[in-house]
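# Output the structure for:
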Amino acid sequence: MNWTAQQKIRIGYWLLTLVPIVLGALAARNAIELNAAAKHVAETNRISKLLEKLFSEIKDVEVAQREYVLVGGEQPLQTIRNTHVRIDDDIRELRRIGADTRWLSLLDSLIPQKFEEIQQTIESRNERGVEAASQILLTNRGFQAMDDIRRVVSNMRTEEERRLAERSREQSRRFQRTFELFFGVLILNLALIGILYFLQRRETERAKQLHDELEQRVALRTEALQRSNEDLQQFAYIASHDMKEPLRMIASYTTLLQRRYAGRLDEDADSFINFIVDGVKRMNTLIQDLLEYSRAASGAEDQLSEVHVPTILRNVMANLKVTIAESGATVKSEHLPEAVPYDAIRLTQIFQNLIGNAIKYRGDRRPVVTITSTRRDDEIVFSVSDNGIGIAPEHVDKIFNVFQRLHGKEYEGTGIGLAMVKKIVERYGGRIWVESTPDVGSTFHFTILLNAPLSLAEAAASTIT
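The predicted structure follows:
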């Protein structure tokens, strides 16, 4: 299976997370076992010490017995009684911490025999004197009981020492295994980090190489596109110029024909001549609009500067003076900024198209056009509102397309104006959209960046990101 570098890096990070978890779980389990082994070692040490103490206390009892036989007095008897209590406590403690029950059963039978023999010695000393008590000490019974206790305790200590040695070795093995696991996790993590660093570095270098190649290809493609745009612009100029000349000739002779022979031919001829004159005018307007659209797309003449908005609007009002007067339109502005970073010619084209359309598509009403603006973060939103015929919802997304006209010959135009406005706005990093209600009116919004980039290419890129 062929793994990509990204897949290898992702798997490496998963392993870097998973392996310490698995090994950590094993180490935790081993630590628990190590703790149990340490507990067993402590218990074995405790048993050994208790056995040593038990045997010492039995010897103390035997010494106190002999001292009482020879000397008498209360002190030896008190020692025997206190030691008897401690021996019983030691036996109970040995049983609690897990000493071998077989040996403890033997001690349970031997120790009472020894204390029974001691009791007889004390009673004989009290009743018949030192000689009688000494005879009991010399009998084999006391020596045999003491010897049996010594042998049992010795066997228990030997067995506990052997168990202690085994548990100590097990504890050492557990400790060694825990250390090896910890060291293994450390080495494995360091190895994974090294591999991931190598893969990440190789992937970074590869990405940089691809980025450089892509930048080179984009630069070549941009250069080719720029040459193509320049060729298209030159072609548009040439085509418009070459097409205007024959159109001008056709218009001239058609107008001459209309003036000279109007009313002298039949009605069909007059109608045909009128069609020709109207078609020539429309073709001339279309060629002029196409030329303006190509200029808006190329932006060859654009110059960024601080543009005085009120001056721009005064120029637009002057250009539309006849249209405003004929329609009786009212054009007003509110809350506009003093200046924006733009190109004066382009901003004039935007306002002139939007205001002109607002007046053109007025229906039967006296047009009222309102121009406002609002500040949003690092941009200004201009709005051009009217009380015209409005736009149906299904046509809102179409009106910015080239040659897209929603009405017939009752409204003049080629369908290029809004497409050209959209080109200009987007070229400067802005956005344009419309909100409209049929038979109520429309509001066109467009944005202008306040911190405009140095180049139009940067401005266009900012709208994409």
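# Contacts only, for Leu50.
By C-beta atoms under 8 Å, 6 or more residues apart in numbering, Leu50 lies in contact with Asp90, Glu93, Leu94, Ile97, Ala99. Backbone N, C-alpha and C define where each C-beta goes, glycine included.
# helices or strands up against the longest helix seen in the chain?
Ranked by residue count under DSSP state H, the longest helix found in the chain is helix 140-261. Packed against helix 140-261, as judged by 3 or more C-beta pairs under 8 Å, 6 or more residues apart in numbering; DSSP states H and E, are the following elements: helix 5-70, helix 101-128, helix 267-298.
# In a strand, Asp443, correct?
If you look again at residue 443, you'll see it is Thr, not Asp. Yes - judged by DSSP: H, G, I helix; E, B strand; the rest coil, Thr443 forms part of a strand.
# All further residue positions should be reported with the first residue as 22.
Got it, first residue is 22 now, which makes that one Thr464.
# what's the burial count for it?
Using other C-beta atoms under 10 Å, Thr464 has 16 other residues around it.
# which residues does Gln96 contact?
Gln96 neighbours (C-beta under 8 Å, 6+ apart): Glu88.
# That one: which element?
Using DSSP states H and E, the element containing Gln96 is helix 95-117.
# still on that earlier bit, average pLDDT across the longest helix of the chain?
Helix 161-282 carries an average pLDDT of 74.
# need the contact list for Gly451.
Residues in contact with Gly451 (C-beta under 8 Å, 6+ apart) are Glu400, Phe467, Thr468, Ile469, Leu470, Thr484.
# now the third one, nearest residue through space, not along the chain?
Computed as C-beta to C-beta, 6 or more residues apart in numbering, the closest residue to Thr468 that is not its neighbour in sequence is Gly451, at 4.2 Å.
# Next one: the one you found, what pLDDT does it get?
At Gly451, pLDDT is 92.
# Checking it next. Helix, strand or coil?
Following three-state DSSP, we place Gly451 in the coil state.
# Pull the contacting residues for the residue nearest to Ala379 when sequence neighbours are not counted.
What sits nearest to Ala379 in space, not counting adjacent residues and going by C-beta to C-beta, 6+ apart, is Asp407, at 3.6 Å. Contacts for Asp407 (C-beta under 8 Å, 6+ apart) come out as Ala379, Ile380, Tyr382, Arg383, Pro388, Val389, Val390, Thr391, Gly462, Ser463, Thr464.
# so what's the fifth one scoring on pLDDT?
Per-residue confidence (pLDDT) for Pro388: 93.
# One more: the fourth one?
Looking at Arg383, its pLDDT reads 83.
# Isn't it up against Gly411?
No - using C-beta atoms under 8 Å, Arg383 makes no contact with Gly411, being 10.8 Å away.
# just for the stretch 372-486 of the chain, where's the confidence low?
Scanning the stretch 372-486 of the chain for pLDDT under 70 picks out the ranges 423-436, 473-486.
# just to revisit the earlier point, buried among the contacts of Leu71? Need that as a selection in PyMOL.
PyMOL command restricting the contacts of Leu71 to the buried ones, with burial defined by 16 or more other C-beta atoms under 10 Å:
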select buried, resi 111+115+120
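# For the contacts of Leu71, work out which two are farthest apart.
The span of the contacts of Leu71, defined through C-beta to C-beta, is set by Asp111 and Ile118 at 10.9 Å.
# quick one: Thr65 from Gly119, how far?
Relative to Gly119, Thr65 is positioned 9 Å away (C-beta to C-beta, to the nearest Å).
# Neighbour count for the two, which is higher?
Legend: neighbour count by other C-beta under 10 Å for Thr65 and Gly119, higher for Thr65 (23 against 12).
# give me the element Val455 is part of.
Here Val455 is assigned to strand 453-458, by DSSP H and E.
# Many thanks, we can stop here.
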